[in-house]
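>>> structure of the sequence below:
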Amino acid sequence: PALERAGRWLLDEEVRVRGDWAVRRPNTPPGGWAFEFDNDGYADTDDTAEVIMALRRTGVPAEAAVLRGTRWMLGMQCRDGGWAAFDADNTRAILADLPFCDFGEVIDPPSADVTAHVVEALVAENYAGTMPVRRGVHWLLRAQEPDGSWFGRWGANHVYGTGAVVPALV
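Numbers count the residues shown, from 1 in each chain. Okay, the predicted model is just below:
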């Protein structure tokens, strides 16, 4: 019963509106989940991947929502093969040089942790061997640090990144 309640709650939290990401991906239909509880406008690929995998474990019928989320994640793949959290191909580092950008990141580049979560979710949805997954795996292999680890941007450390990438590659 608790898993069913959780699954229904997750389904109710689906973000089905276009966000800023639609500027770069106007033909990608919306569908995904957000990091924040009261965020109805900004889904992110990282949480969408995790929610898709979680929904599959609840037993709640979620085919339509999972399909929307999967299509959205596929549409959000960056040109270089990786995935960013909120946008696609938002990598122009020159923006960080603007005088008022002293408060942190202003771009959303692909990262190992996000790419790994999306790859893992896509494989769980029977996309293993497809071009998007292959490109994501190649991106992950290129992103590996010389010491063998991966940096996780959202966990802000190498343990988090490596802990996301290894299961995705397996």
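
>>> residues in contact with the closest residue to T130 other than its chain neighbours?
Nearest non-adjacent residue to T130, counting by Cβ to Cβ, 6 or more residues apart in numbering: L122, 7.5 Å away. Where C-beta positions appear, they are placed from N, C-alpha and C, glycine not excepted. Contacts for L122 (Cβ atoms under 8 Å, 6 or more residues apart in numbering) come out as A49, T70, M73, L74, A128, T130, P132, V133, G136.

>>> of these, which belong to helices?
Counted as lying in helices by DSSP state H, out of the contacts of L122, are A49, T70, M73, L74, P132, V133, G136.

>>> okay if I get those as TSV plus distance to G19, neighbour count and pLDDT?
Shown next, in TSV, are these (distance: Cβ to Cβ, whole Å; neighbours: other Cβ atoms under 10 Å; pLDDT from 0 to 100):
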residue	distance to G19	neighbour count	pLDDT
A49	17	29	98
T70	17	22	98
M73	14	28	98
L74	16	19	98
P132	21	17	98
V133	24	21	98
G136	22	26	98
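
>>> now, which of these sits nearest P167?
Proximity of those to P167 (Cβ to Cβ) peaks at A49, which lies at 11.7 Å.

>>> and that closest one, how far from A34?
13 Å (Cβ to Cβ, to the nearest Å).

>>> residues contacting the closest residue to E125 other than its chain neighbours?
Nearest residue to E125 in three dimensions, chain neighbours excluded: T70, at 5.3 Å (Cβ to Cβ, 6+ apart). Contacts for T70 (Cβ under 8 Å, 6+ apart) come out as I52, A121, L122, E125, Y127.

>>> redo that, cut-off 10 Å
Applying Cβ atoms under 10 Å, 6 or more residues apart in numbering to T70 gives the contacts G31, G32, T48, A49, I52, V118, A121, L122, A124, E125, N126, Y127.
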